[in-house]
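Undergrad: Give me a model of this one.
(2 chains)
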Amino acid sequence: MSSALTLQEVNTVQDAPARPWLTPSQAWGLILIIPYLVIFLLFVIYPVGYGFWIARHPHTYVELVDDPIFARSAMNTLVFLVVGINIKMAIALFLSGFFIQARTWIKWLSVLFILPWAVPSIPTILSLRFMLNPEWGVINTLIFRLTGEDGPNWLNDPTIALTMAISVHIWKSLPFWTLILIAGRLAIPGDLYEAASVDGATNMQTFKYVTWPSLRTLYLTSTILSMIWTLGDFNSVYLLTGGGPADQTHVLATLGIRYLRLDQVDMSMAAIVCALPFVLPLVYFMMRRLAK
Amino acid sequence: MKLSSLRSVTTEAKLLLIGIPLLIWTLLPIYHLFLFSISPKESAFSGKLWPDHPTLHNFAVVFKQEHYYLQHFWQQLWNSLLIAVATGALTLFIATGAAFAISRLKVMGGRMVMNLALFTYFIPAAFLAVPMYRTMGLYGLLNNQWALILAMVTIATPYSIWVLKQASDQLPVELDEAAVIDGASPMQLFRLVYIPLMAPSLVAIGTYALLLAWNEYLYAFLLLSKDTDVTLPVALGNFLAADDSPWELLMTTGLIYALPPAAIYYVFKRYMVSGLTAGAVKN
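TA: Predicted coordinates:
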C-alpha cells in the first residue's frame, strides 16, 4: 500500500504549479462526507449531549440507587450477559462443529436453522409468548395432556420469566453466531486435521490442540460483541414479559423506557450513564480489534 | 469392515440426536405462528399438530381489514415499506459517499470520522432511544415518519460505512490512478469506476438497512403514535393491550409481516452471508 501512489499524490503532482489549498479530490471528499457528519451531529452528538445534560444532577443517582427496580434490573442484565451469552456461545461453538459435517440432510437443516435470524423478532416473540400462556398455551396444554397436571405459570414467576426471555434471545441470535463460528472453523487449514489424524489424535485432542487455538480469538471477539449487542436487546424482554411480573424482569434496555413512561427522563438517562463504565471498556476492546 | 460400519451407524445416530431436537427447537415458534394463521378461531387452541379444517379465513379477515385492530392494515404495511425503502436508499447514499471519501479520496479527518462511526455502531441502539426521542421532540419531528427514517439511517450508517470502507480498501489503487491520468474527475471516478465495482457490497448494505428498518420495533413505537402513521410491528404490539386479543389474527398478520424479510434474506443470502458475516467479526 505505502509504495503505491495514492490518488492525493497523483493530484498533487498534476497541480504542482498552482498548489491550491484544496485539491479537487479533497473538496469532493468533504462534500461526500458532509451528509454523514450532519446525521452524526444532529442525531448522535446532540442527543448524547442532551442525555448527559438531563442526567447531570447528583440527586438523580441517589434516587436511582434507592430504587429497588434499578438494582433488580442491573442484576438481571448481568445474568442475561454473563450466563445467557456464555451459554449461547458455547452452544454455537458446539453446533458449528455439527454443521460442518458433510451430510446432505445437515446442509438442508442449516438452511432451516437460519430462519429465526431471518424473520423479524416481533411475530416470533409474540408466538412464543402465546405458547407459554398458562391457560391456553400449547406447552401447558401438552403438559396437562401428558401428566394430567397443570404446567407452571411461565411468565408469572420472575426467575422462570427471565429464563424464558434469555431463551428467546438465544433462539433468535444463535443462528447468527453459529454461522460466524462455522466460517471460523472452515478457515482452519485442512492439513492440520490430517496431521492430527495421522498422529492418532482423539476427537477431544483434535479440538483442544487444533480447533480451539485457531478459533479462540474469534470466539472471544464474538462473545464480547454479542454482550454489547445484547445490552440493547429490548424486544426479547419487553415483548415477552413487559418487564413483569411486578417489574422484576426488566433489563437496562427496557428500564429506560419504563422511566420514560413514568415521565422520569432523568432517571432513564442516569440508568444508562451508570452502565457506561461497564460498556465503554468492551466498546474500546472492539474498536481496537476492528479499527485496524 | 463390520466394526467400521457399526461405528458409522453410531456416528449417524449421534448426529441425528443433535439434529432432530435442533430442528424442533428452531421451527416450533414459527410453526406455531403458521398453525394459528390457518386454524379457525374456535379450534386454534386445541393443541393439535394440524387443524381438522385448515382455512384461509384469517387471511381474508386481515386483507379486508375486518377487525378493530386491523382497520389500517394496508396503510401500516405501506408505512413499513415506505420507511424501509427510504432508510435503505438514504443509508446507501450517505454511506457510499462517506466510504468513498474516506477510502479512495483519503479526505482529511477521514480516519477520525471512521472511528466515530464505529464507536456509534457499538453503542447499543436502545441506549440512544430515550435521548433520541426527546431530541426528535425538540426538532418538531415527533409523530412524523421522517423521525423514524432519520433515526434508522443514524443507526444503519456506521456499520454500512465500515463495511463499504473495508470492501473499498480491497480495490487496487492503480484503478484510481489510471482513471485520474485519463483525466477523470473525482466524481467520474466515483460514478464510473467505484459504484460498478462495489455493486455486491452495495446490495448487501442496502438490504441490511432495509431489513433493519422493516424489523424495528422500539424506535417505531417511540417516535410514531397515530394509527395511520405507525408501522406493522407497532400495530402487532398494540394487540397486546387488550386481554381478549384475537390471537389468530395477530398471528396471521405477524406471518404476513415476517414473509418479505425472510424471502429477501434467502434471495440475497449469498451477498448477506459473505458481505455481512465477514464484516461483523474480522479474524
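
Undergrad: mind giving me the domain ranges of the chain?
TA: As the question left the chain open, I've gone with chain A. Split into domains by automatic domain parsing, chain A comes to A:22-54, A:68-290.

Undergrad: Wait, chain B was what I had in mind.
TA: Here the domain parsing of chain B from automatic domain parsing is B:2-63, B:72-280.

Undergrad: which of those has the lowest average pLDDT?
TA: Among the domains of chain B, domain B:2-63 carries the lowest mean pLDDT, a mean of 85.

Undergrad: what residue ranges in the stretch 151-292 of chain A score low on pLDDT?
TA: Along the stretch 151-292 of chain A, the parts satisfying pLDDT under 70 run over A:291-292.

Undergrad: and chain A, which of the domains of chain B is closest to it?
TA: Each of those has some distance to chain A by C-beta to the nearest C-beta; the shortest is domain B:72-280, at 2.7 Å. C-beta coordinates here come from the backbone N, C-alpha and C atoms, glycine included.

Undergrad: now the closest one: how far from the chain's centre is it?
TA: Offset of domain B:72-280 from its chain centre (C-alpha atoms, centre = their mean, to the nearest Å): 8 Å.

Undergrad: about what we covered before: with distance to chain A added, can I get the domains of chain B in TSV?
TA: Converted to TSV, those look like this (distance: least, C-beta to the nearest C-beta, whole Å):
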stretch	distance to chain A
domain B:2-63	4
domain B:72-280	3
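
Undergrad: winner for burial among those domains?
TA: domain B:72-280 (a mean of 20; mean count of other C-beta atoms under 10 Å in any protein chain shown).

Undergrad: can I get the domains of chain A in a markdown table with mean neighbour count and distance to chain B?
TA: Output for those, formatted as a markdown table (neighbours: other C-beta atoms under 10 Å in any protein chain shown; distance: least, C-beta to the nearest C-beta, whole Å):
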| stretch | mean neighbour count | distance to chain B |
| --- | --- | --- |
| domain A:22-54 | 18 | 3 |
| domain A:68-290 | 18 | 3 |
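
Undergrad: one step back: quick one: closest of the domains of chain B to A:L282.
TA: Closest approach to A:L282 among the domains of chain B (C-beta to C-beta): domain B:72-280, 7.8 Å.

Undergrad: Next, A:P120: phi, psi?
TA: phi -60, psi 150 (degrees, to the nearest 10).

Undergrad: ok now do it, which residues does it touch?
TA: If a contact means C-beta atoms under 8 Å, 6 or more residues apart in numbering or on different chains, then A:P120 has B:214-215, B:233, B:257-258, B:261 as its contacts.

Undergrad: Need the max-distance pair from the residues you listed.
TA: For the contacts of A:P120, the farthest-apart pair by C-beta to C-beta is B:P233 and B:P261; their separation is 11.1 Å.

Undergrad: who touches both of the two?
TA: With C-beta under 8 Å, 6+ apart, B:P233 and B:P261 have common neighbours A:120, B:215.

Undergrad: which residues are contacting stretch B:136-155?
TA: Stretch B:136-155 is contacted from outside by A:39-40, A:42-44, A:50, B:79, B:82-83, B:86-87, B:90-91, B:94, B:120, B:125, B:128, B:132-133, B:209, B:212-213, B:216, B:219-220, B:223-226, B:229, B:231, using C-beta under 8 Å, 6+ apart.

Undergrad: can you redo the domains of chain B as TSV with distance to A:W136?
TA: Formatted as TSV, those follow (distance: least, C-beta to C-beta, whole Å):
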stretch	distance to A:W136
domain B:2-63	5
domain B:72-280	8
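
Undergrad: you'd agree B:A125 is up against B:L218?
TA: Yes: here B:A125 reaches B:L218: they are 7.5 Å apart, a contact under C-beta atoms under 8 Å.

Undergrad: Please name whichever of the domains of chain B is nearest to A:F98.
TA: Checking the domains of chain B against A:F98 by C-beta to C-beta gives domain B:2-63 as the closest, at 5.3 Å.

Undergrad: roughly how far is the closest one from the heart of the chain?
TA: Counting by C-alpha atoms, centre = their mean, domain B:2-63 comes out at 25 Å from the chain centroid.

Undergrad: same thing with stretch A:30-50?
TA: Mean C-alpha position of stretch A:30-50 versus that of the full chain (C-alpha atoms, centre = their mean) differs by 24 Å.

Undergrad: Phi and psi next, for B:T55.
TA: Torsion angles, degrees, to the nearest 10, at B:T55: phi -150, psi 160.

Undergrad: Next, the contact list for it, please.
TA: Contacts for B:T55 (C-beta under 8 Å, 6+ apart) come out as B:38-40.

Undergrad: Which single one of the contacts of A:P120 is nearest to B:V9?
TA: Comparing the contacts of A:P120 against B:V9 with C-beta to C-beta places B:A258 closest, at 39.0 Å.

Undergrad: residues in contact with the closest one?
TA: Going by C-beta under 8 Å, 6+ apart, B:A258 touches A:119-120, A:123-124, B:33.

Undergrad: so which two of the residues you listed are the farthest from each other?
TA: Once C-beta to C-beta is applied, the contacts of B:A258 give A:P120 and B:L33 as the farthest pair, at 11.2 Å.

Undergrad: all helices for the stretch 151-283 of chain B, in order.
TA: Assigned by DSSP state H, counting those that start in this stretch, the helices in the stretch 151-283 of chain B fall at B:173-181, B:186-188, B:195-215, B:218-223, B:232-238, B:247-267, B:269-272, B:278-280.

Undergrad: Grab the most central residue of chain B for me.
TA: The centre of chain B sits closest to B:L211, judged by C-alpha atoms, centre = their mean, with a distance of 2.0 Å.
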